[in-house]
Each structure stands twice: as C-alpha cells, then as structure tokens.
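Novice: quick one: sequence plus predicted model below, questions after.
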Amino acid sequence: MKPNAIYRSVVILLVMIFSISGCKTHPEEITFSRTSFVLGTVVDVNLFDHGSDELLDTMEARLQEIENTMSVNVPSSEVNLINDNAGIKSVQVSDDTYNVIKKSIEYSVLSHGAFDVTFGPIVNLWQIGTDQAAVPDDQSLAEALALVDYNNIELLDDNYVYLTEQDMRIDLGGIAKGFAADEIIEIAKKAGVESALVNLGGNVKTLGLKVDGKPFNVGIQNPFDMRNAYLGIVSVSDQTVVTSGDYERYFTEDGVRYHHIFDYRTGYPVVNGLGSVTLISSEAIDADALSTALYVLGADEGTRLIETLDGIECLYVTYDNEIYVSSGLKSNFTITDRTFSVVN
Ligand code: ADP
Ligand code: MG
C-alpha cells in the first residue's frame with residue numbers, strides 16, 4: 001500500500017472504533033454520523049443527542065468552504081492567490097483566511113519558527129503524500145529553505161496579505177484542520193447539539209459530555225503500531241485531542257522514513273526520536289499549530305513551552321516507548337499498553 005492509502009485506512013479504522021465505542025444502546029442517543037473526505041483527510045462527524053441530515057450538510061459545506069479557501073491543493077484557493085502573488089502584490093482575502101494566517105504567525109513567533117507557516121517551498125519540494133515524493137537535491141533544498149521566514153508575511157489593512165519575497169509560499173497544512181474542527185463544532189453547538197465528536201484525520205474535537213453524562217475517552221494512537229492500537233486514553237469534555245507524528249504521512253527511501261513535519265534548521269523531516277506528540281486544549285486551532293511546533297521542538301523544550309500556557313497540555317511518545325506528559329495531564333492520562341511508561 002502507498003503511504004497515503006495506509007494513512008487513509010488507519011484513519012478509517014480510527015473512525016470505526018470511535019463509532020463502535022459510542023454507547024449505541026443508550027435510549028437517549030440519536031446518532032447522526034457522516035464520514036467524508038475533505039481537507040485531504042477522512043472527516044468523521046458524530047452528533048449524539050440531537051441532529052439532522054441538514055445540519056450534517058451545513059457542517060460538510062463549511063469544511064468544503066475552508067478547503068476551497070485555504071488548501072494549497074485547490075488551485076483557485078485564497079492561499080494560492082497569495083502565494084502566486086508573492087513579491088508582486090498584496091491580495092485581499094476572507095476574514096477566515098486572514099485570521100488563520102494571523103494565528104499561524106502568532107504560533108510561528110511563539111515557537112521561534114519551529115512552526116513556520118511559510119514552509120510552502122519545502123512542502124512542495126518533498127511532495128510527501130503524493131506519488132512524486134522523493135529526497136530533493138541539496139541545492140533545491142537550500143534555495144527553498146532560504147524562502148522560509150514568517151517575518152516576511154505582511155498583514156495589511158482590509159484583509160490584504162503580502163508575501164515580500166518572490167517564490168515564498170504559505171502552507172496552512174499544520175493548522176487548517178484545527179480551525180475547521182473548531183468551526184464545525186461551533187455550527188453544531190449553535191444548532192442546539194450538546195454532545196458531539198468530530199475527527200478530522202486524527203484531530204479529535206468533542207462537544208459536551210457523552211449522552212450517559214460521562215466524558216469522552218479518546219485513545220492515543222500507538223505510533224509504532226499501524227493496526228489502530230492505542231497506548232492510552234485521555235478523558236475529555238469540550239476539548240480537542242490533536243496528534244502530530246512521523247507515522248501519519250511519509251515515504252521510505254533506502255530504509256529511511258521521510259515524514260511530513262519539517263525542521264527549519266535543515267529543510268529535512270525532523271529526526272529527534274519522537275513517534276508522536278499529542279496536544280489537548282479547548283481550541284483545536286491552537287492544538288493543531290502547537291502539535292506541529294512541539295514535534296519540531298522535541299520533548300524537553302516543547303513540554304517547557306506548554307507549562308507556560310494555560311489550559312493546554314501535551315503528551316510525547318518516544319521511539320523508546322517513553323512517555324512525557326505535561327503536569328496538568330498526569331491525572332487524566334491512563335496507559336492501556338504496558339509496553340509504554342510515563343517517565344517524567
Ligand atoms: P497532520 O496534517 O497530519 O495532522 P500536522 O498538523 O503536524 O499533521 O501538520 C503537518 C503539515 O504541516 C505538513 O503536511 C505541512 O503541510 C505542514 N508543515 C510541515 N512542517 C511544518 C512546520 N515546521 N511548520 C509549519 N507547518 C509545517
Ligand atoms: Mg498541526
């Protein structure tokens with residue numbers, strides 16, 4: 001199977017597990033569920049206490065709208081319009097795109113460029129997740145890396161965005177799914193839903209409690225076992241659980257795994273002994289950007305950063321089956337696979 005096919009089947013399995021684990025026998029539960037493929041990933045929506053097909057349609061249309069404006073894979077997207085005019089002129093975009101870029105810059109600043117929304121030229125070069133994925137030559141890599149610098153994005157009045165260097169490109173792949181999860185949960189909430197779970201390719205967001213009044217148990221994927229095995233669970237309500245890992249999208253060449261999260265120092269996929277990092281917070285946009293940032297920062301620096309932020313927790317899994325959790329998560333994380341252990 002190609003990496004993308006593996007990725008998809010893993011996500012589909014995850015989705016199945018979530019559906020199975022919902023308490024279908026509970027009399028008050030009226031589940032409205034839908035699985036679609038948007039934003040380059042499998043999206044699973046479950047409304048547990050209340051819903052309709054029209055509401056699912058509205059949520060799906062919102063996802064499609066976000067993809068159409070923010071995806072680099074949609075040629076006419078606003079992000080591509082900004083990119084195509086890099087070094088030429090500023091481009092006026094929607095509030096959504098403007099605000100997501102603004103948030104991206106905030107996280108680029110906070111992580112000192114570990115998360116950098118201008119990674120577009122590097123993402124393009126590696127083509128990870130496509131049939132063309134290959135290790136680039138050194139010169140192309142150096143040229144692409146020289147274009148990565150979030151300081152060269154200008155956010156102007158009236159939603160105008162300007163990339164000051166020619167061939168610069170922004171890429172919202174590390175944050176857009178988080179924004180999308182927040183948006184569709186908000187739509188459900190406004191429609192009166194009190195219990196819901198959405199899963200955008202492993203980015204989970206929950207609304208309220210399960211219909212039995214208990215929090216949702218969300219499994220943390222074992223990054224080394226593609227058979228959809230969990231290593232532990234966290235209990236959440238009105239929160240999001242977002243994971244970034246080297247197993248999500250990758251290709252293998254000469255026995256080396258090249259995955260989709262890049263190191264700003266080298267332009268190569270990050271190599272730091274980490275299987276994954278999971279972020280738990282109330283807003284998925286924060287968790288998504290931070291999961292990418294924390295993967296790049298590594299366990300020590302990443303956990304230190306999280307301890308300075310309110311209401312956000314993290315959990316790292318290393319290749320040695322060691323788990324590092326931030327202080328606020330210790331009482332809410334249960335290991336289910338004893339080959340792993342919390343070491344801090
Ligand atoms: P996923 O999309 O699998 O949930 P992430 O949220 O970690 O995973 O985002 C990875 C995506 O973010 C990549 O596919 C790429 O588009 C983009 N990206 C890769 N490296 C970085 C980085 N250092 N900073 C910002 N974005 C990145
Ligand atoms: Mg991310």
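Specialist: Structure received. As the structure is a prediction and not an experimental result, all values here were calculated from the model. Ligands and ions are numbered 1, 2, ... in the order given.

Novice: am I right that residue 95 is in contact with residue 159?
Specialist: Yes. In this structure residue 95 lies within contact range of residue 159 using CB atoms under 8 Å: 6.6 Å. All C-beta atoms are positioned from the backbone trio N, CA, C, and that covers glycine.

Novice: between those two, who's got more neighbours?
Specialist: Set residue 95 next to residue 159 and count neighbours by other CB atoms under 10 Å: residue 159 wins out with 18 against 8.

Novice: who are the contact partners of that one?
Specialist: Going by CB atoms under 8 Å, 6 or more residues apart in numbering, residue 159 touches 92, 93, 94, 95, 97, 98.

Novice: nearest residue to it in space, please, no chain neighbours.
Specialist: Among residues not flanking residue 159 along the chain, residue 98 sits closest, at 4.4 Å (CB to CB, 6 or more residues apart in numbering).

Novice: quick one: check the host helix or strand of that neighbour for contact with ligand 1.
Specialist: Per DSSP states H and E: residue 98 is located in helix 95-110. No. Judged by CB under 6 Å from any ligand atom, helix 95-110 stays clear of ligand 1, getting no closer than 7.7 Å.

Novice: what is that helix packed up against?
Specialist: helix 53-70, strand 153-155, strand 160-163, helix 176-190, helix 284-297 (3 or more CB pairs under 8 Å, 6 or more residues apart in numbering; DSSP states H and E).

Novice: what strands line up against the second one, and which way round?
Specialist: Using DSSP bridges, the strands paired with strand 153-155 in its sheet are strand 160-163 (antiparallel).

Novice: now do the strand it pairs with: everything it contacts.
Specialist: 82-83, 85-87, 89-93, 97-98, 101, 118, 152-156, 169-170.

Novice: among these, the buried ones, what's the PyMOL command?
Specialist: Of those, the buried ones go into a single PyMOL selection, burial set by 16 or more other CB atoms under 10 Å:
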select buried, resi 82+83+86+90+91+93+97+98+101+118+153+169+170
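
Novice: may I see the helices and strands packed on helix 95-110 arranged in a markdown table, with distance to ligand 2 as well?
Specialist: Converted to a markdown table, the helices and strands packed on helix 95-110 look like this (distance: least, CB to the ion, whole Å):
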| stretch | distance to ligand 2 |
| --- | --- |
| helix 53-70 | 14 |
| strand 153-155 | 18 |
| strand 160-163 | 21 |
| helix 176-190 | 7 |
| helix 284-297 | 4 |
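
Novice: just name the most buried of the ones you listed.
Specialist: Comparing the helices and strands packed on helix 95-110 by mean neighbour count (mean count of other CB atoms under 10 Å), helix 284-297 ranks first with a mean of 28.

Novice: flag every residue of the stretch 1-150 of the chain that's near ligand 1.
Specialist: Within the stretch 1-150 of the chain, the positions near ligand 1 by CB under 6 Å from any ligand atom are 115, 116, 117, 119, 123.

Novice: now the second one, what's its secondary structure?
Specialist: So that's residue 116. Of the three states, residue 116 takes coil according to DSSP: H, G, I helix; E, B strand; the rest coil.

Novice: tell me the contacts of the residue of the stretch 101-250 of the chain found nearest ligand 1?
Specialist: Nearest residue of the stretch 101-250 of the chain to ligand 1 (CB to the nearest ligand atom) works out as residue 173 at 2.4 Å. Residue 173 sits next to 40, 72, 123, 260 when contact means CB under 8 Å, 6+ apart.

Novice: output the contacting helices and strands for the host helix or strand of residue 306.
Specialist: Assessed by DSSP H and E, residue 306 sits inside helix 299-307. For helix 299-307, the packing partners by 3+ CB pairs under 8 Å, 6+ apart come out as strand 274-281, helix 284-297, strand 313-318.
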